[in-house]
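Asker: Next one to model:
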Amino acid sequence: MSAKKIISTASAPSAIGPYSQANQIGNLVFTSGQIPLEPTSMEVVRGGISEQTEQVMQNLMAVLEAANASASTVIKTTCFIKDMNDFVAFNEVYAKYFPENAPARSCVEVARLPKDVLVEVEAIATSVVSEEK
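Answerer: Presented below is the predicted three-dimensional model:
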């Protein structure tokens, strides 16, 4: 069995709790939920659901890239939104990142998210694994 590898990148917000940005086992990558924090300031981006979703997706793509994965290798996402009335606006931004062969997805409304943000997205993806000797 492959050992768990911790994925970390300065291009995405650092963890604000006892968790990793992502874990990789073999060629499977499991990301933690990404919220709309700007990676260098660690501040929530200004704006509504569209701006927050854009930052979330940028953060998610940075974590995936650090694991040698990409939007095209995402198998499944789980999306958490504060208000289901934002579903259409959320989808408009989300769809830009998955223009073809979108991953399987769950999207649920939740009462509250960390730092009172409007959206959080996590993913499972595959990665190109280099052979270690």
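
Asker: just the strands in this structure please.
Answerer: Under the criterion DSSP state E, the chain contains strands at 4-7, 22-25, 28-31, 74-81, 104-109, 119-126.

Asker: Show me what the first one is packed against.
Answerer: Right, strand 4-7. Counting contacts by 3 or more Cβ pairs under 8 Å, 6 or more residues apart in numbering; DSSP states H and E, strand 4-7 is packed against strand 22-25. From N, CA and C alone the C-beta is placed, and that goes for glycine too.

Asker: Any chance you could give me whichever helix in the chain runs longest in CSV, C-alpha atoms only?
Answerer: Under DSSP state H, the helix in the chain containing the largest number of residues is helix 49-66. Extracted in CSV, the C-alpha atoms of helix 49-66 (Å, rounded to 0.1, in the frame of the first residue of the first chain):
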residue,chain,number,x,y,z
ILE,A,49,-20.9,34.5,-4.3
SER,A,50,-19.3,35.0,-7.8
GLU,A,51,-16.1,36.6,-6.4
GLN,A,52,-15.9,34.1,-3.6
THR,A,53,-16.4,31.1,-5.9
GLU,A,54,-13.7,32.4,-8.2
GLN,A,55,-11.2,32.6,-5.3
VAL,A,56,-12.3,29.1,-4.1
MET,A,57,-11.7,27.6,-7.5
GLN,A,58,-8.3,29.3,-7.9
ASN,A,59,-7.3,28.0,-4.5
LEU,A,60,-8.5,24.5,-5.4
MET,A,61,-6.6,24.5,-8.7
ALA,A,62,-3.4,25.6,-6.9
VAL,A,63,-3.7,22.6,-4.5
LEU,A,64,-4.4,20.3,-7.4
GLU,A,65,-1.4,21.6,-9.3
ALA,A,66,0.8,21.0,-6.2
